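Student: mind folding the following:
(one chain, ligands or ions: 2)
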Amino acid sequence: MGSTAKAVVTGFICRLCSEQKKSVIHLYTEKAKKLELLKKIKLLPISVDKFDNLPKTICNQCLHRLEAQYDLLEKIRRSNTIHHSHRIYHSNGRCPAECLLAWFR
Ligand SMILES: [Zn+2]
Ligand SMILES: [Zn+2]
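Tutor: Ligands and ions are numbered 1, 2, ... in the order given. Got it, this is the predicted structure:
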């Protein structure tokens, strides 16, 4: 902001797909923090460290995939919690009204 210098950048390398993209998001910005990107990336089979010498940007495409994957994992986790309490506490077939598996016998 406020700088008149304009760097000629053709793109940034995405950490996840290693492709050069124009539209990327840096992992250590406020925006990334709001999106909890580092937390979501932790679920991937890679490790990102602020001081490694690898790209700290991910492209929009990967961002969308990451969000979708995180949503799926969250859904599975929530579902698993429901299944767990159903299995443990509702074993006599008597589910409380709020049990989402109440119809399932
Ligand atoms: Zn990418
Ligand atoms: Zn139940």
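Student: now do the strands in the chain.
Tutor: For the chain, the strands defined by DSSP state E cover 12-13, 20-21, 24-26, 57-59.
Student: ok, the residue nearest the centre of the chain - contacts?
Tutor: Of all residues in the chain, the one closest to the mean position by Cα atoms, centre = their mean is K40, 3.1 Å from it. With contact taken as Cβ atoms under 8 Å, 6 or more residues apart in numbering, K40 is in contact with L66, E67, Q69, Y70. Every C-beta, even on glycine, is put in place using the N, C-alpha and C of the backbone.
Student: quick one: list the elements packing against the longest helix seen in the chain.
Tutor: For the chain, the helix with the greatest residue count under DSSP state H is helix 60-89. The elements that helix 60-89 packs onto, with contact taken as 3 or more Cβ pairs under 8 Å, 6 or more residues apart in numbering; DSSP states H and E, are strand 24-26, helix 37-41.
Student: what lines up beside the shortest one in the sheet?
Tutor: Sheet partners assigned to strand 24-26 using DSSP bridges are listed as strand 57-59 (antiparallel).
Student: tell me which residues in the partner strand are buried?
Tutor: For strand 57-59, burial by neighbour count (16 or more other Cβ atoms under 10 Å) applies to T57, I58, C59.
Student: so what touches that strand?
Tutor: 12-17, 19, 21, 23-27, 37, 41, 66.
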